[in-house]
Structure formats: structure tokens, C-alpha cells
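>>> Quick one: sequence plus predicted model below, questions after.
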Amino acid sequence: MQGLSLASLRKNPALIPLYVCVGIGAIGAVYYTARLALRSPEVTWSRKNNPEPWEEYRNKQHKFYSPVRDYSKVESQAPKFSE
């Protein structure tokens, strides 16, 4: 197919911004998916080492972005579960 080799990209330089934008979008999607899988309190990778991962976030900020607010001093509204 045209536009997939370096020789054809040299003939059609208008395709270069398209490839750059698609590449940046793909990298952003992979980064965000990995961030959700690794940093989210709803996901646990080892049930034996961390049986209740949500307890770590009881008094921490859980939002992706929050204006200046210290969540360590706020009383948590989360219920305390016990087995």
C-alpha cells in the first residue's frame, strides 16, 4: 500500500502529520490503560499480598485531578467493611 514505506512517504509528505497524530493517540491510549491497570484502587494484582486494596485509599485522593485540597485531613465517607 502507498504511504506505508519510507520511499512512498517521501513522495507524499502530507501523510507525515497524520502518522504522527495517530502515533501520539495510540501511545496516549496505551499509557492511560496501563495507568488504570496499575494505579487504580479497584484493581488488585495479588490478592494474597493485598487483600483489601481499597483501604489504602480511605483518606487519599482518588480523582485524576483535583484543585488544591488536602484529602489526608478529610473524614472518609467510605463504609468500613469487616469479614
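Great, that's in hand.
>>> Run a quick neighbour tally on residue 9.
The tally of other residues near residue 9 (other Cβ atoms under 10 Å) stands at 15. (C-beta placed from N, C-alpha, C; glycine too.)
>>> And the helices in the protein?
Secondary structure of the chain (DSSP state H): helices at 6-11, 16-39.
>>> which of these has the lowest average pLDDT?
The weakest mean pLDDT among these belongs to helix 6-11, with a mean of 86.
>>> And that helix, what does it pack against?
Contact here means 3 or more Cβ pairs under 8 Å, 6 or more residues apart in numbering; DSSP states H and E; on that basis helix 6-11 packs against no helix or strand.
>>> follow-up on the earlier one: looking at the helices of the chain, which is closest to residue 49?
Across those, residue 49 has its closest neighbour in helix 16-39 (14.8 Å, Cβ to Cβ).
>>> got a list of contacts for the closest one?
Residues from elsewhere that reach helix 16-39, judged by Cβ atoms under 8 Å, 6 or more residues apart in numbering: 9, 43.
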